[in-house]
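1. here is my input; please provide its structure:
(one chain, ligands or ions: 3)
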Amino acid sequence: MSKLLLKGGKIIDPIQGSKAKAGEILIVDGKIAKLGENLAAEDAQVIDIEGKVVSPGLIDIHVHLREPGFEHKETIETGTKSAAKGGFTSVACMPNTDPVIDNQTLVEGLLSIAKRDGVVNVYPIGAITKGSQGKELAEIANMKEAGIVAISDDGHPVMNAEMMRLALDYSKDFDLTIVSHCEDKNLAGDGVVNQGYYSTITGLNPISSSSESVMVGREILLAEEAGAKVHIAHISTKESVDLVRQAKKRGVKVTCEVTPHHFTLTDELITSFDTNTKMNPPLRSAEDVAAIKEGLKDGTIDVIATDHAPHAEEEKDVEYNYAPFGIVGLETAVGLVITELVESGILTLEEAIAKLTINPAQVIGIDKGTLEVGKDADITIIDVDDKWEVKTEELVSKSKNTPFGGYELQGRAVMTIVGGKIVYSSDE
Ligand SMILES: NC(=O)N[C@@H](CC(=O)O)C(=O)O
Ligand SMILES: [Zn+2]
Ligand SMILES: [Zn+2]
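-> Ligands and ions are numbered 1, 2, ... in the order given. Prediction:
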């Protein structure tokens, strides 16, 4: 029997609420055995975490691990190490690899690599359509059997509304959530940045707010009609937030996520022409960021997810128009959440943790995200006071494409435990 006792921490488990306030937690054979005070250590390995916060292991439901096919950007090994350092014990990975994960064999292949190389739990998301081409449905039933937790054509919208309607119908039968990348390709055109003052002064091609919100509106109406679940990926505009808010009021089964960069940064940053400010959806206006924060506060936005999108240095080191969209996010997420949302009083720490644990677990239907007795001992220890500087060269992700280099942040994961095993510790 292996036993681990975490001593002196402050437990925050949103679904257990005040029941979980006591400071000690005993892990036996990879499961949570006991929460309480003055637990007998017996033969357990004792770890003193005086003053630190003990959270259910963080869950990121929007990660690009790039394997198979783009191993020069990231692999399951490097991506999950990056996740562990960021405090994430589980990640759901997007299928826009090469080949696109659209059948059972590919899901099985991914899971076997994850089992061999992954240091945190990896949950595959399957494609909605074959090759994410939007033409015919992928092998959804078979992929579900192989272990996918959701379906998404992320990177692309499903432009054909009838195809999306069909997918929603299917997803209901298999109890799978559809994660929608909302982007009207015709409206977005060859845009690279948010449409507004800064696209005008830089001369960079604009992406309108409507290119996102008309698709958010469409997905809500289709999900409502089908009685199916839809999760909106990387929400970024005030109109989108309001559409989700109104839909929730009428009982539509819609959830949504925001990335740390979309609640932290505005499109003003693009005046640097730094290609690490280029991502999809683009950085939006200050007004949009304010609406996002309002949506986080009132519960419209359920989940914080990174959309960790690694790209190699040489790929980003080109003219703005030619650079790929996307930035890495796993290792800066906790610091940005605490600095931008908790320290500024937009969310309580408990509310922020809910959006990183139980809420994402519920969106993809996995039995994770809480420290209840009997559950897997996936735990993140957070130092909420630690002030640190983001150093790009210290990222363990294979890619370094972040706009946050040099940022002073408060709060970070100091230990990450998966199934009772320490997979990251800041001491080492
Ligand atoms: N977010 C991005 O800018 N890029 C993502 C694709 C996506 O999430 O749509 C990628 O795969 O690089
Ligand atoms: Zn996307
Ligand atoms: Zn993505």
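
2. which ones are touching the residue positioned nearest the centre of the chain?
-> The residue lying closest to the centre of the chain (CA atoms, centre = their mean) is residue 305, at 2.3 Å. Residues in contact with residue 305, defined by CB atoms under 8 Å, 6 or more residues apart in numbering, are 60-63, 233-234, 257-259, 360. To be clear about C-beta, it is placed using only N, CA and C from the backbone, and glycine gets the same treatment.

3. just read off the phi/psi values of it.
-> Main-chain dihedrals, residue 305, degrees, to the nearest 10: phi -130, psi 150.

4. and for residue 60?
-> phi -110, psi 110.

5. next one: it from residue 257, what distance?
-> 10 Å (CB to CB, to the nearest Å).

6. which one is residue 127 nearest to, not counting chain neighbours?
-> What sits nearest to residue 127 in space, not counting adjacent residues and going by CB to CB, 6 or more residues apart in numbering, is residue 102, at 4.0 Å.

7. tell me which element that neighbour falls in.
-> Assessed by DSSP states H and E, residue 102 sits outside every helix and strand.

8. what is the burial count for it?
-> 26 (other CB atoms under 10 Å).

9. quick one on the thing from earlier: overlap in contacts of residue 60 and residue 257?
-> Listed contacts common to residue 60 and residue 257 are 305, 360; contacts here mean CB under 8 Å, 6+ apart.

10. the stretch 251-400 of the chain: helices as residue ranges?
-> 260-264, 286-297, 313-316, 333-336, 349-354, 358-364 (DSSP state H, counting those that start in this stretch).

11. point out the residues in the chain that sit beside ligand 3.
-> With the criterion set to CB under 5 Å from the ion, the chain comes near ligand 3 through 154, 307.

12. low-confidence stretches in the chain?
-> 19-20, 22 (pLDDT under 70).

13. tell me the domain boundaries of it?
-> 3-53+376-425, 57-364 (automatic domain parsing).

14. now distance to residue 370 too, for those domains, in JSON lines please.
-> Shown next, in JSON lines, are the domains of the chain (distance: least, CB to CB, whole Å):
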{"stretch": "domain 3-53+376-425", "distance to residue 370": "5"}
{"stretch": "domain 57-364", "distance to residue 370": "6"}
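
15. pick the most deeply packed of these.
-> Highest mean neighbour count among those (mean count of other CB atoms under 10 Å): domain 57-364, with a mean of 21.

16. what is the end-to-end distance of that one?
-> 15 Å (CA to CA, to the nearest Å).

17. do that domain and ligand 1 meet at all?
-> Yes - Domain 57-364 lies within reach of ligand 1 by CB under 6 Å from any ligand atom, at 64, 96, 154-155, 181, 279-280, 307, 309, 325-326.

18. farthest-apart pair in these, please.
-> 96 and 279 (14.2 Å; CB to CB).

19. what's in contact with the helix or strand hosting residue 116?
-> Residue 116 is part of helix 104-117 when elements are defined by DSSP H and E. Helix 104-117 is contacted from outside by 67-68, 75-77, 80, 93, 99-101, 122, 124, 126, 139, 142-143, 145-148, using CB under 8 Å, 6+ apart.

20. let's go with 6 Å and repeat that
-> 76-77, 122, 124, 142-143, 146-148 (CB atoms under 6 Å, 6 or more residues apart in numbering).

21. just checking, next helix/strand downstream of that helix?
-> Helix 104-117 is succeeded, C-terminally, by strand 121-126 (DSSP H and E).

22. so what does that next one touch, helix or strand wise?
-> strand 88-93, helix 104-117 (3 or more CB pairs under 6 Å, 6 or more residues apart in numbering; DSSP states H and E).

23. any chance of those in CSV, plus distance to residue 46?
-> As requested, the helices and strands packed on strand 121-126 are exported to CSV (distance: least, CB to CB, whole Å):
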stretch, distance to residue 46
strand 88-93, 21
helix 104-117, 30
